[in-house]
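[1] Structure for the following, please:
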Amino acid sequence: MPILRLTQLIVLIDYAAVGAMRTVLPYYAKKLGASGTKVGGLETVYGLGQVTGSLALGWLLDARGRKVVLILSFFGAALGYGLASLAVMQGSVTLLLLSRLPVGLAKQTVTATRAIVSDVTSPAQRSASLARLFAGCSLGYAVGPYLGGLLADSMGDASPVPALVCAGTFVLLLPTVAWLLPETSQAAAGTSKGVADGATS
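    Model (predicted):
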């Protein structure tokens, strides 16, 4: 099914970029002279964002659909990784810490894609399809750190380029979701249709 294959590809690319970024973040923190506490704070800020974002975007997932949440996820990642690149260029540990907040708040790729798989599969197919989805996550997260290491080696471990590459990856995923991935939530599709029908009546 094309929707499932596209969803799996999106997750694979997403997690490869995430893995690459998590490889270069400690290099950035070291270049900026961050203490051990602030290095740990990079993931703490992300985690706090996840707690808040998961509650809000979980509601949005059902109210407005899967595509909206994926678009917000990729926009938040692109913004956060762009800020990380800017933090390196400006030599700001504070900005590097803050760059993790939009990523944490918006990053709900697994939640949204898991909902897509559930929408388009029968109960008999669902477990196998979800297993393939999580395999894509794992493969991306296995490949991503290696790619991040290659970028750090080729560009310099304190270069802003790796973060820009990761940000650019999510920028490219935005039109992919917006134009190629159909909305699979029947409730959201019905709401959109109802609004359109009301506007034309």
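[2] Helices of the chain, start to end?
    With DSSP state H as the criterion, the chain has helices at 2-31, 36-63, 66-90, 93-106, 109-120, 123-155, 161-175, 186-200.
[3] among the ones you listed, which gets the worst mean confidence?
    Here the lowest mean pLDDT among the helices of the chain goes to helix 186-200, at a mean of 49.
[4] Could you check how far L9 is from G149?
    The gap separating L9 from G149 is 23 Å, by C-beta to C-beta, to the nearest Å. C-betas here are computed from N, CA, C, even on glycine.
[5] ignore the last one, A34
    20 Å.
[6] Mind putting the helices of the chain into CSV with mean neighbour count?
    Shown next, in CSV, are those (neighbours: other C-beta atoms under 10 Å):
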stretch, mean neighbour count
helix 2-31, 20
helix 36-63, 16
helix 66-90, 22
helix 93-106, 21
helix 109-120, 21
helix 123-155, 15
helix 161-175, 20
helix 186-200, 11
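[7] Skip the chain neighbours and tell me the closest residue to V143.
    A16 (5.2 Å; C-beta to C-beta, 6 or more residues apart in numbering).
[8] Would you confirm that that neighbour contacts S138?
    No: using C-beta atoms under 8 Å, A16 makes no contact with S138, being 11.0 Å away.
[9] shared neighbours, the two?
    Common contact partners of A16 and S138 (C-beta atoms under 8 Å, 6 or more residues apart in numbering): none.
[10] for D119, what are its contacts?
    R66, T184, S185, Q186.
[11] Now the nearest residue to Y27 once chain neighbours are set aside: phi and psi?
    With C-beta to C-beta, 6+ apart as the criterion, Y27 has its nearest non-adjacent residue at 4.1 Å, and that residue is D157. For D157, the backbone dihedrals (degrees, to the nearest 10) come out as phi -70, psi -10.
[12] Tell me, how many residues neighbour D157?
    Other residues near D157 number 16, with proximity taken as other C-beta atoms under 10 Å.
[13] And it, how far from K31?
    Applying C-beta to C-beta to D157 and K31 gives a distance of 7 Å.
[14] same deal with V103?
    V103 is 20 Å from K31, by C-beta to C-beta.
[15] do L180 as well
    In this view, L180 and K31 are 38 Å apart by C-beta to C-beta.
[16] Among the contacts of D119, which pair sits farthest apart?
    Spatial extent of these (C-beta to C-beta) is set by the pair R66 and Q186 at 11.0 Å.
[17] any idea how far S138 lies from F75?
    25 Å.
[18] Kindly report the same for L174.
    Distance from L174 to F75, by C-beta to C-beta: 7 Å.
[19] For the closest residue to Y15 other than its chain neighbours, give its distance to L133.
    Ranked by C-beta to C-beta, 6+ apart and with sequence neighbours excluded, the top spatial neighbour of Y15 is G140, at 3.0 Å. G140 is 11 Å from L133, where distance means C-beta to C-beta.
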